[in-house]
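Chemist: Output the structure for:
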Amino acid sequence: MSLRTLSQVDTCVDVSAPLKTLYHSHEGIVKQLRELGELPRLAQQMAQARRVSAASVALFRDDVLLHHQDEERDLFPAVIGSASPGAERESAQALTARLVAEHRELEQMWKTLEPSVRAVARGRAEGLDAVLLERLVQAYVAHARFEEEHFLPLAQAILGRNPNHLGAVGVALHMRRKPGLPGYI
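Modeler: Next up, the predicted model:
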């Protein structure tokens, strides 16, 4: 005997086998009630999805985009400007060009995903591109790993030769995050 959902309840009763009809009705009722029993777990998952979505929107708005700006406005120019002419500067330029291109790619993926992520934060999950979302996550992890393994050690070596250069980057980052500070110290 097959299980039926409540939406498939047969309006015809087999008058020769009324108990069979009631048995089938119970199958559908029990199946739906079992699904109903999963509602607390599903509601928790939905609430978690809403929290993760809202936090991710805030992360991109308040952290990721500012992080990219910090690197592109302060760190990358400082490293290139402080690099020794020749191979070191060429390496710094190539690495920063790659990282900037990755920033634009990641930002474009986010721009495409953001409306559907915002919708999930409001409790609507339709239209979320799971493939693109996974691509964004994997691409950002790879970007961060590459930057940490290749660019940041080079930046430390270059800027570390002159503590004033590293300090200037730190002050620039600090000033951008403290609105209302005077433009001089």
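
Chemist: I'd guessed Ile57 sits against Ala121; true?
Modeler: Ile isn't right for residue 57; it's Val. Yes: applying Cβ atoms under 8 Å, one finds Val57 in contact with Ala121, separated by 6.3 Å. The C-beta positions use only the backbone N, C-alpha and C, and glycine is treated the same way.

Chemist: Flag every buried residue along the one helix or strand Leu132 maps to.
Modeler: Element membership of Leu132, judged by DSSP states H and E, is helix 130-146. Using 16 or more other Cβ atoms under 10 Å as the test for burial, helix 130-146 gives Leu133, Leu136, Tyr140, His143.

Chemist: between these, which is closest to Ala125?
Modeler: Nearest to Ala125 among the buried residues of helix 130-146: Leu133, at 11.6 Å, using Cβ to Cβ.

Chemist: I figured that closest one hits Trp110, correct?
Modeler: No: with contact defined as Cβ under 8 Å, Leu133 does not count as touching Trp110 (9.9 Å).

Chemist: which stretches of this protein aren't confidently modelled?
Modeler: Applying pLDDT under 70 to the chain flags the ranges 1-18, 20-23, 165-166, 170, 172, 174-185.

Chemist: so what are the domain limits for it?
Modeler: Taking automatic domain parsing as the domain assignment, the ranges for the chain are 6-37, 50-177.

Chemist: Let me have those in a markdown table, extended by distance to Ala43.
Modeler: Formatted as a markdown table, the domains of the chain follow (distance: least, Cβ to Cβ, whole Å):
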| stretch | distance to Ala43 |
| --- | --- |
| domain 6-37 | 11 |
| domain 50-177 | 11 |
